[in-house]
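Asks: okay, sequence plus prediction incoming.
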Amino acid sequence: MENILNDTKEDVKTKMGKAIESLEGTYLAIRTGRASVSLLDKIKVEVYGSLTPINQMSSISAPEPRMLVVQPYDKSALKAIEKAVRESSLGLSPNIDGNVVRIVLPELTRERREELVKHTSKVTEESKIAIRNIRRDAMDVLKAAEKAHQISEDDEKRAKDDIQKLTDDHIAKVDHMFEKKKAEILTV
């Protein structure tokens, strides 16, 4: 009996934690006014006949607030890196400069900042939905366990209250993350 309750709560904590981690990773890829090496994390480069994440085949640095420098470990990959960045959905214009690829980030327009906030809001809402789905699934498990007389009604109610509190805490964290990211995007 106690196992079902603890396992369900731990499962909820783990899954909600992963939903938050996923959102953090998504936020890193959303461009703000400043250059961030994580901006290129989702870009894959075609080299040697396979797609390789750009951060596994080069070192990426942000020497200036609006510039990224990509230095491949293998210099023959320069053209492939330039092509992958140019064709990405980030709208960047990379330039090969000797043994590195320089990417100057253009200043974000007010319209583009607003689009990014809308996109961030959409991603945030998807994360909240994922958290609520985790809650719903856990509630279903508890309800089934109570119907099968594996746990008492009181234990079910207490566990549901605990899971609701976890859900509320994670939703509040997501809201806080969104406000922070929104302020980052809108800062000129």
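Replies: That came through fine.

Asks: tell me the contacts of the residue lying farthest from the centre of the chain?
Replies: Centroid-distance maximum for the chain: His149 at 39.9 Å, with Cα atoms, centre = their mean. Applying Cβ atoms under 8 Å, 6 or more residues apart in numbering to His149 gives no contacts. To be clear about C-beta, it is placed using only N, CA and C from the backbone, and glycine gets the same treatment.

Asks: now it: phi and psi?
Replies: Backbone geometry at His149, expressed as degrees, to the nearest 10, gives phi 60, psi 30.

Asks: so for it, what's the pLDDT?
Replies: At His149, the pLDDT value in this model is 89.

Asks: one more: Leu39?
Replies: On the pLDDT scale, Leu39 gets 81.

Asks: what's the burial count for it?
Replies: Neighbour count for Leu39, taken as other Cβ atoms under 10 Å: 22.

Asks: same thing with Pro94?
Replies: Neighbours around Pro94, by other Cβ under 10 Å: 21.

Asks: would you agree it is in contact with Glu87?
Replies: No. Using Cβ atoms under 8 Å, Pro94 is not in contact with Glu87; the gap is 10.3 Å.

Asks: leaving out chain neighbours, which residue sits closest to Asn55?
Replies: Asp41 (5.9 Å; Cβ to Cβ, 6 or more residues apart in numbering).

Asks: let me see the backbone angles for that neighbour.
Replies: phi -50, psi -30.
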